[in-house]
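A.B. asks: With the sequence up front, the predicted model follows.
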Amino acid sequence: MSKGRILVVEDDFDISNMLRIYFSGQGYDVQVAPRGGDALTLTRKQMPQLIVLDIMLPDMDGYSVCRELRQTTRTSHIPIIFLTQKDERSDKIAGLELGADDYITKPFDIEELKLRVKNAIDRVEREKSMDPDTGLPAGKLIEDQLRELMRKTDTWTYIDVKINSFDPFREVYGVLAGKEVLKLVARQLTEAVDEFGTPDDFVAHPANDNFVVITYATAPKPTQMMDKVMSRFNDEVKQHYSFIDRERGFVSLESGGEKPLMTLGTGSVSNATQQFADIREITEMAAEARRKPAGDVAGPIETSW
């Protein structure tokens, strides 16, 4: 089992290749980006659990990369360790002021860097701020976002997403196959938010088969976002079933009985049509909207999907 996903942002091939080989050997999944722009693109596609970030890059400096990551809601929580040849106190302070979690100077002791990486990832896991399977925010980060919604005057939409029939699928195909489906949904949601949403939008994975999207995009963008996700999910999830199960449209459980193939259920609420007393009301009303049959919509709750 992977210890976590690391993104190394370093234009020196010898250093980046050494870090990739070393941390892969330590049990981490490692991606390398030689440019700041590449790092931002990779982070949007699949969020790492930690970023090792060189300050001197060919297209934009590490400070600019850090600033953009910290100002974007979806990536603001990712731990960042700056890697630099500079040893000036002012440079360290500048990095820390931007929100970097740690700082190490070249030439560095690889064992020291390994401990800093492990401690940073462990700290995040202890706070339960990221789901280890999807790399999406969870736990406290979701609570923080919900509290922020209560203070905002901007128009927002909270979307509750659930994978229907996920547990029967995992029972038949196993835990690892289930994790692949979770990664599929995480990727599809993130890409849809990139296409239809805003930089401040938030995608999270509270637990098991449940996902959350908070978008500040105005209508009809939230509907388009989820239409895109549901269309892609219906097409791509079939690849996770055997040919026989795809053809007959259900799985047979060892305990007996048949269960349909997986689908996505969604429900949303928005402050454009409703006022909320607390964060629990937001989550409960969105879940209620998700459970309603299509077309059976009461009051301000939107269930277009």
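C.D. replies: The structure has been received and is ready for your questions. Only a predicted model underlies this, so the values are computations on that prediction, with no experimental measurement involved. Residues are numbered from 1 along each chain as shown.
A.B. asks: Quick one: neighbours of residue 160, just the number.
C.D. replies: Neighbours of residue 160 under the rule other Cβ atoms under 10 Å: 24. For every residue, glycine as well, the C-beta is placed using N, CA and C.
A.B. asks: For the chain, just list every one of the strands.
C.D. replies: With strands called from DSSP state E, the chain shows them at 5-9, 29-33, 50-54, 80-84, 102-105, 157-164, 202-207, 210-215, 250-252, 258-260, 263-270.
A.B. asks: deepest of these, which one?
C.D. replies: Each of the strands of the chain was scored by mean neighbour count; the highest is strand 50-54, a mean of 26, by mean count of other Cβ atoms under 10 Å.
A.B. asks: related to what we said a few turns ago, got CSV for the strands of the chain, with distance to residue 281 and mean pLDDT too?
C.D. replies: Shown next, in CSV, are these (distance: least, Cβ to Cβ, whole Å; pLDDT from 0 to 100):
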stretch, distance to residue 281, mean pLDDT
strand 5-9, 35, 96
strand 29-33, 38, 96
strand 50-54, 35, 95
strand 80-84, 35, 89
strand 102-105, 39, 88
strand 157-164, 11, 97
strand 202-207, 16, 94
strand 210-215, 15, 98
strand 250-252, 36, 97
strand 258-260, 31, 96
strand 263-270, 9, 96
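A.B. asks: For residue 207, list the residues it contacts.
C.D. replies: Residue 207 sits next to residue 138 when contact means Cβ atoms under 8 Å, 6 or more residues apart in numbering.
A.B. asks: let's see it at 6 Å
C.D. replies: The contact partners of residue 207, by Cβ atoms under 6 Å, 6 or more residues apart in numbering, come to none.
A.B. asks: picking up where we left off before, got the strands of the chain as a markdown table, with distance to residue 185 columns?
C.D. replies: Below are these laid out as a markdown table (distance: least, Cβ to Cβ, whole Å):
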| stretch | distance to residue 185 |
| --- | --- |
| strand 5-9 | 17 |
| strand 29-33 | 19 |
| strand 50-54 | 23 |
| strand 80-84 | 26 |
| strand 102-105 | 32 |
| strand 157-164 | 6 |
| strand 202-207 | 8 |
| strand 210-215 | 6 |
| strand 250-252 | 18 |
| strand 258-260 | 17 |
| strand 263-270 | 7 |
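A.B. asks: Out of those, which gets nearest to residue 70?
C.D. replies: For the strands of the chain, proximity to residue 70 was assessed by Cβ to Cβ; strand 80-84 is nearest, at 8.3 Å.
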